[in-house]
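Enquirer: got a predicted structure here, sequence first:
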Amino acid sequence: MGVTGPTGPVMDRDEVDRALARLGAEHEAIETSLLALQDHAGRRLLEGADLTGVTAERWSATEASITLLWSYFDAYSGALRTAREIRARRRWSSREDLVELTELLRGESVTVAGSAVATANAPTLHGGPGRLSERYSLATLVERMNQLYATSLDMVVAADAVWSALPARIDLLSAELQRTRRLAHSVGVRPGEHPAGDDLERITRTLTKLREQVVSDPLAFWLPAEGSSAPGGGKPDTTVYDREARALEEVRREIDAVLAVRQDAEQRIVRLRDVLSRADRTLAEARTARGEVLAKIAATEVPVVSGPPTVLQEQLATAAEYRRHAQWHRLSPLLESLEQKAEDELLRARESLTAVTAPLAVRAELRGRLDAYKAKVARLGLAEDPELVEKYEKARRMLWSAPCDLRVAEQAVLRYQQAAAELLGSAPRVPGQGGPVDRTGPGA
């Protein structure tokens, strides 16, 4: 049109109609969003909750923002309704109507009461306090409503997300905790008597306090998503919950171990008695063998055989007492320790018997070697050789007399072996008879 006013060029009828259609669509979208916010489960919970901490502070500001939102929306609705009425006066709007519509649709023509602005902490958002009213353009009003809606929805969604996630999980974990406490009590795992019992008490206190904090101050357990501007962008902070869940699982494994002890305690104690009994018998055999060695073997060091350790028998008696009084939490670590010590004791007893009987084994080996060489020379018809007979009888007297000097007897056996080897090496080989064969010549 070429006509200008305080807000710039006057809009023509088509521009007005397009603006009214756009503003009408925006009005409908804003109204739908506000009604959804009004009916949001999180908002209703916030209204009825006894809030503390950061949630109480933010909800106070959010309530004021929601109140201001509705004031803005009412003012926006009134301005849009007025503009529609002006446009509806005539099919073809007059110049005066178009000027008025242009001012209404583009200018700062929307008035919001100062009380509503002050309620929403207006000094930080809308200028100085104490004004009777504020004037906005429709575009500015839409922008402010979008900002207030986004921050209000963000707060409501965050609180609702925490309330939807954490209390239910805490309740489930608390139920599991109670079952574990009953089970622990049945096997003697109690506070002050077992570390796992103390852990259960601590977990109980922590979960009780955590639930109270989550219910009264959910935003203290909200982690906003970095770089996200969408309302409700983030996730509940489950750090404390996860830590206590892991602690409860560790306690449950400890209780399971105690239960396993209760189920097979008798068999394990019987096996322990058997292992310690075998160790005692082995040590007794070693002591008997040591006396025999000292009587039959001369000039040799025979290790001393210690007696069975009485402390293991005492601990075994303590284990039986724990089982009798159903003190499974004490029996569990004691049995594990005893089982390892009992196996070590049996191994020590066997090593002691082996060390003590070593001289007898040496004597037996020398006897076997002497008889083997005698049988070999006998097969070749040389058993009656005077020198061999003499050396054999000398070695035999040493090996079959007590006490036997193993060093001297071994030298006697070696001399017999050497004499037999020399004689066998010079004797003609009888076909079909055993004996050494010379494999150094042709045909070897």
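Expert: Structure's in. What do you need? Numbering: from 1, shown residues only.
Enquirer: who's in contact with R243?
Expert: R243 makes no contacts at all, as judged by Cβ atoms under 8 Å, 6 or more residues apart in numbering. All C-beta atoms are positioned from the backbone trio N, CA, C, and that covers glycine.
Enquirer: low-confidence ranges in the stretch 301-444 of the chain?
Expert: Applying pLDDT under 70 to the stretch 301-444 of the chain picks out residues 426-444.
Enquirer: rerun that using 90 as the cut-off
Expert: Scanning the stretch 301-444 of the chain for pLDDT under 90 picks out the ranges 301-316, 319-336, 351-367, 369-413, 416-444.
Enquirer: which residue ranges of it form strands?
Expert: Assigned by DSSP state E, counting those that start in this stretch, the stretch 301-444 of the chain shows strands spanning 404-405.
Enquirer: all helices for it, in order.
Expert: Ranges of helices within the stretch 301-444 of the chain are 310-324, 328-379, 386-399, 406-426, based on DSSP state H, counting those that start in this stretch.
Enquirer: what number of residues lie near V261?
Expert: For V261, the neighbour count with other Cβ atoms under 10 Å is 22.
Enquirer: ok, A79 next?
Expert: By the criterion of other Cβ under 10 Å, A79 has 21 neighbours.
Enquirer: same check on L335?
Expert: 23.
Enquirer: give the contact list for it.
Expert: So L335 contacts 261, 265, 268-269, 272, 319 (Cβ under 8 Å, 6+ apart).
Enquirer: got the domain boundaries for the protein?
Expert: 4-158, 161-255, 268-358, 361-426 (automatic domain parsing).
Enquirer: average pLDDT across the helix or strand in which E134 is found?
Expert: Following DSSP states H and E, one finds E134 within strand 133-136. Across strand 133-136, the average pLDDT comes to 80.
Enquirer: now it: buried residues?
Expert: 134, 136 (16 or more other Cβ atoms under 10 Å).
Enquirer: among the contacts of L335, which ones are in helices?
Expert: 261, 265, 268-269, 272, 319 (DSSP state H).
Enquirer: next, give me the two most distant ones among these.
Expert: V261 and L272 (12.9 Å; Cβ to Cβ).
Enquirer: report the distance from stretch 252-270 to the chain centre.
Expert: Chain-centre distance of stretch 252-270: 22 Å, with Cα atoms, centre = their mean, to the nearest Å.
Enquirer: before we move on, back to that, for the contacts of L335, which one is nearest G24?
Expert: Nearest member of the contacts of L335 to G24, counting by Cβ to Cβ, is V261, at 76.8 Å.
Enquirer: which residues touch the closest one?
Expert: Contacts of V261 (Cβ under 8 Å, 6+ apart): 268, 328, 331-332, 335.
Enquirer: from W92, how far off is it?
Expert: 97 Å (Cβ to Cβ, to the nearest Å).
Enquirer: what's the answer for P309, then?
Expert: For P309, the distance to W92 - Cβ to Cβ - is 117 Å.
Enquirer: between those two, tell me which one has more neighbours.
Expert: Per other Cβ under 10 Å, whichever of P309 and W92 has more neighbours is P309, with 15 against 6.
Enquirer: for burial, what's the neighbour tally of the closest residue to that one other than its chain neighbours?
Expert: In this structure, P309 finds its nearest non-sequential neighbour in E345, 6.7 Å apart by Cβ to Cβ, 6 or more residues apart in numbering. Residues lying near E345 (other Cβ under 10 Å) number 21.
Enquirer: distance to R13 added to the contacts of L335, as TSV?
Expert: Below are the contacts of L335 laid out as TSV (distance: Cβ to Cβ, whole Å):
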residue	distance to R13
V261	92
A265	97
R268	98
I269	102
L272	104
A319	101
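Enquirer: ok, of the residues you listed, which one's closest to R84?
Expert: The closest of the contacts of L335 to R84 turns out to be V261 (Cβ to Cβ; 83.2 Å).
Enquirer: mind checking how far the nearest residue to the closest one once chain neighbours are set aside is from T354?
Expert: What sits nearest to V261 in space, not counting adjacent residues and going by Cβ to Cβ, 6+ apart, is S332, at 4.3 Å. S332 sits 34 Å away from T354, going by Cβ to Cβ.
Enquirer: of those two, who's got more company?
Expert: S332 (22 against 13).
Enquirer: quick one: contacts for the more buried one?
Expert: S332 is in contact with 257-258, 261, counting by Cβ under 8 Å, 6+ apart.
Enquirer: next, format the residues you listed as TSV and append distance to E393.
Expert: Shown next, in TSV, are the contacts of S332 (distance: Cβ to Cβ, whole Å):
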residue	distance to E393
A257	68
V258	71
V261	66
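Enquirer: show me which positions of stretch 197-215 end up buried.
Expert: Within stretch 197-215, judged by 16+ other Cβ under 10 Å, the buried ones are 197, 199-200, 203-204, 207, 210-211, 213-215.
Enquirer: before we move on, what about stretch 368-383?
Expert: Quick answer for stretch 368-383 (16+ other Cβ under 10 Å): 369-370, 373-374, 376-377, 380.
Enquirer: can you lay out the residues you listed as TSV showing distance to I66?
Expert: Listed next are the buried residues of stretch 368-383 as TSV, based on distance: Cβ to Cβ, whole Å:
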residue	distance to I66
R369	107
L370	111
Y373	113
K374	116
K376	114
V377	119
L380	120
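Enquirer: nearest to D405, of those?
Expert: L370 (15.1 Å).
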